[in-house]
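J.: A structural model of the following input is requested.
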Amino acid sequence: MSRMLKKTISSNWFHGFVYRFIRLYASTFRLTVKNEDEWMDYLKKGGRVLLCVWHQQFFSAIHYFKTYKKYAPGLMISRSADGDLIAGVASRTGWRPARGSSSKGGKSAMMEVISHLKETGLAAHIMDGPRGPIGKDKAGAISIALAADAVIVPFYLSADKAWYSNSWDKFFIPKPFARVTLTYDRMIPLTKPGIEKDFEALRSQVENIMIEKLKVIK
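T.: So this is what the prediction gives:
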C-alpha cells in the first residue's frame, strides 16, 4: 500500500465519507432483527453483554448498531491502516474503539475493552479478526467476558442476495435492497475455569455454537 493511499485511508474526511456511504448503502437493506429482547432486557437490568460475530459478517450490522450508541460500547480494532478506517467508522457510529490485536497491542486494548465493558455494560468482539484463520475463535472473547463477568451473545448476518470476496474471511456484502437478517443467539453465561483445559472447553463451546452460521463459500 502506497504512503499516499495509507494517508488517505487514515484521514478524518475519508472516514466521514465512508461512514456516510455505508449508512446510505445500508439504508436500502430490508432488515429483520431477531431475538434481541432477551439480552437487551438483561443489559437494562444491569447485566453485562459481549456481542460476538465472525469477521465475515460484521459489515451488515454497522448501520443498525448505531441504535446502541447510548451505551458507548467498546470494540477491539487492530492498529493497521484498515483498522484506522474501521475505527473511524465505528466512532462515528457511537462505539469506542480500543486499538490493538493479537499481533500488536492486544493486551492493552483488551484491558481497555474490559474496563469499558464493566463501566457501560456493552461491548463487541470480532472472533476471528483481524487476520483469521476463518472460523477460529481466539482467546480474546472468553478472556474479556470472564474478566468483565459478562455473558456472550453471538450474532449472525445473512442476506438473500450478496457478494462474497476472495479474502481469507470470505467477507460478504449484501446487494442493494437485499433482505438482510440480523439474528442474535441465546446468551452464553461463563463460569470461571479452574484449570487451563476448562478455558479451552469454554472457547470450543462458543466456537462450536457459532461455526454453524459461518458461510463457507467454495
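
J.: Would you mind finding the longest strand in the protein?
T.: Of all the segments assigned as strand in the chain under DSSP state E, the longest by residue count is strand 151-159.

J.: Show me what that strand packs onto, helices and strands only.
T.: Under the contact criterion of 3 or more Cβ pairs under 8 Å, 6 or more residues apart in numbering; DSSP states H and E, strand 151-159 touches helix 37-44, strand 49-53, helix 140-148, strand 172-174, strand 179-184, helix 196-211. Just so you know, the C-beta spots here come from the backbone N, C-alpha and C atoms, and that holds for glycine as well.

J.: how much does it deviate in direction from helix 140-148?
T.: On the basis of axes from the mean of the first three to the mean of the last three Cα atoms, to 10 degrees, strand 151-159 is oriented at 150 degrees to helix 140-148.

J.: hey, which helix or strand in the protein has the poorest pLDDT?
T.: None of the helices or strands of the chain scores lower by mean pLDDT, DSSP states H and E than helix 3-9, at a mean of 56.

J.: Considering the helices and strands packed on strand 151-159, which stretch scores lowest in mean pLDDT?
T.: For the helices and strands packed on strand 151-159, mean pLDDT drops lowest on helix 196-211, to a mean of 86.

J.: hmm, back to that, after the least confident helix or strand of the chain, next one along is what?
T.: Moving toward the C-terminus from helix 3-9, the next helix or strand (DSSP states H and E) is helix 12-26.

J.: same for that following helix, what does it pack against?
T.: So helix 12-26, by 3+ Cβ pairs under 8 Å, 6+ apart, packs with helix 81-92.

J.: any idea of the mean pLDDT for the helix it packs on?
T.: Computed over helix 81-92, the average pLDDT equals 87.

J.: How many neighbouring residues does residue 166 have?
T.: Look at residue 166: counted by other Cβ atoms under 10 Å, it has 7 neighbours.

J.: that older thread, quick one: the longest strand of the chain to strand 49-53, angle?
T.: Strand 151-159 and strand 49-53 are oriented at 30 degrees to each other (the same axes, to 10 degrees).

J.: Show me how far strand 151-159 is from its chain's centre.
T.: 9 Å (Cα atoms, centre = their mean, to the nearest Å).

J.: Can I get it as CSV, trimmed to CA atoms?
T.: Output of strand 151-159 as CSV, limited to C-alpha atoms (Å, rounded to 0.1, in the frame of the first residue of the first chain):
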residue,chain,number,x,y,z
VAL,A,151,-22.5,-13.1,29.1
ILE,A,152,-21.5,-13.8,25.4
VAL,A,153,-24.2,-13.2,22.8
PRO,A,154,-23.3,-14.5,19.3
PHE,A,155,-25.0,-12.8,16.4
TYR,A,156,-25.1,-13.6,12.7
LEU,A,157,-26.0,-11.8,9.5
SER,A,158,-27.5,-13.3,6.4
ALA,A,159,-28.8,-11.9,3.1
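
J.: After that strand, which helix or strand is next?
T.: According to DSSP H and E, the helix or strand after strand 151-159 is strand 162-164.
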